[in-house]
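Trainee: generate a structure from the sequence data that follows.
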Amino acid sequence: QVQLVESGGGLVQAGGSLRLSCAVSGRTVSNYRMGWFRQAPGKEREFVGCISRSGATTNYAQSVKGRFTISRDNAKNTVYLQMNSLKPEDTAAYFCAADPDYSGGDSNVQSYDYWGQGTQVTVSS
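Mentor: Predicted coordinates for the structure are as follows:
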């Protein structure tokens, strides 16, 4: 059974930075495409970005492109989301997710089989 645990969330001022981590246990993370999603209160879960198994390819939502960077350290079984130039509209619970079989589109929630519990990011203006 794959388990994902996010950490690194918190309160930050607009323009600041945070780095989220997603620690994977139970399976080797190199077996999975890894995604990051976020969900604000009253809104649907939305795609932030994803990274391929090798880390060679990334894809980002337009709203975060140029500000957020996803990386992975397969040796540490961990995936990261570096968030810079944060805006109040980035406030949300952030979730990492794992897809073992590239069964669907990068941004499709249903493509990912395993999810973490989320970590809250709050950006004050």
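Trainee: can you show me the strands along the protein?
Mentor: For the chain, applying DSSP state E gives strands covering 3-7, 10-13, 18-25, 33-39, 46-51, 58-60, 68-73, 78-83, 92-99, 114-115, 119-124.
Trainee: can you tell me the average pLDDT over the third one?
Mentor: In this model, strand 18-25 has a mean pLDDT of 97.
Trainee: who are the packing partners of it?
Mentor: Secondary-structure packing of strand 18-25 (3 or more C-beta pairs under 8 Å, 6 or more residues apart in numbering; DSSP states H and E): strand 3-7, strand 33-39, strand 78-83, strand 92-99, strand 119-124. Using the backbone N, CA and C atoms, a C-beta is placed for each residue, glycine as well.
Trainee: turn those strands into TSV, columns for distance to Ser71 and mean pLDDT.
Mentor: As requested, the helices and strands packed on strand 18-25 are exported to TSV (distance: least, C-beta to C-beta, whole Å; pLDDT from 0 to 100):
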stretch	distance to Ser71	mean pLDDT
strand 3-7	15	97
strand 33-39	10	97
strand 78-83	5	98
strand 92-99	12	97
strand 119-124	17	98
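Trainee: mind putting the strands of the chain in a markdown table, distance to Asp106 and mean neighbour count included?
Mentor: Converted to a markdown table, those look like this (distance: least, C-beta to C-beta, whole Å; neighbours: other C-beta atoms under 10 Å):
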| stretch | distance to Asp106 | mean neighbour count |
| --- | --- | --- |
| strand 3-7 | 17 | 17 |
| strand 10-13 | 26 | 13 |
| strand 18-25 | 16 | 19 |
| strand 33-39 | 7 | 23 |
| strand 46-51 | 5 | 22 |
| strand 58-60 | 5 | 17 |
| strand 68-73 | 11 | 18 |
| strand 78-83 | 14 | 22 |
| strand 92-99 | 9 | 23 |
| strand 114-115 | 16 | 18 |
| strand 119-124 | 21 | 16 |
